[in-house]
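Peer 1: sharing a model prediction with you, sequence too.
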Amino acid sequence: MQITIKLSESLLSIYKTAGIDFKETFNIMSDTPMTIRDILMNAEISPMLTPMIIVNNKSCSSINEVIVEDSTITLIGPLAGG
């Protein structure tokens, strides 16, 4: 299955500041179902930096959700403001 990962600008900024260069959109391939946690670990993205996760345009309530088909996962980093 193909999993498309999309990173928000806030998440890209955090990694860029740390000297880590991610593309805004990239793909991960898997032959078996994976949890979102597994996908994040595979992509070397910290779950602590992704307070909002959207799977196929629907909010995800747990990083233990299992992905079993081609999917698009959008990762939203922490937001700041005042």
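Peer 2: Everything's here; your move.

Peer 1: please count neighbours and contacts with C-alpha atoms only from this point.
Peer 2: Fine.

Peer 1: list the buried residues of the longest helix along the chain.
Peer 2: If you go by DSSP state H, the chain has its longest helix at helix 9-17. Using 16 or more other Cα atoms under 10 Å as the test for burial, helix 9-17 gives 10, 11, 12, 13.

Peer 1: separation between residue 40 and residue 8?
Peer 2: From residue 40 across to residue 8, the span is 14 Å (Cα to Cα, to the nearest Å).

Peer 1: ok, the residue positioned nearest the centre of the chain - contacts?
Peer 2: The centre of the chain sits closest to residue 75, judged by Cα atoms, centre = their mean, with a distance of 4.1 Å. Counting by Cα atoms under 8 Å, 6 or more residues apart in numbering, residue 75 makes contact with 5, 6, 7, 8, 11, 50, 52, 53, 54.

Peer 1: of those residues, which belong to strands?
Peer 2: 5, 6, 7, 52, 53, 54 (DSSP state E).

Peer 1: other SSEs contacting the helix or strand immediately after the longest helix of the chain in the chain?
Peer 2: Counting by DSSP states H and E, the next helix or strand C-terminal to helix 9-17 is strand 25-29. In terms of contacts (3 or more Cα pairs under 8 Å, 6 or more residues apart in numbering; DSSP states H and E), strand 25-29 is packed against strand 2-7.

Peer 1: just the buried residues of the strand it packs on, please?
Peer 2: So strand 2-7, judged by 16+ other Cα under 10 Å, has buried residues 3, 4, 5, 6, 7.
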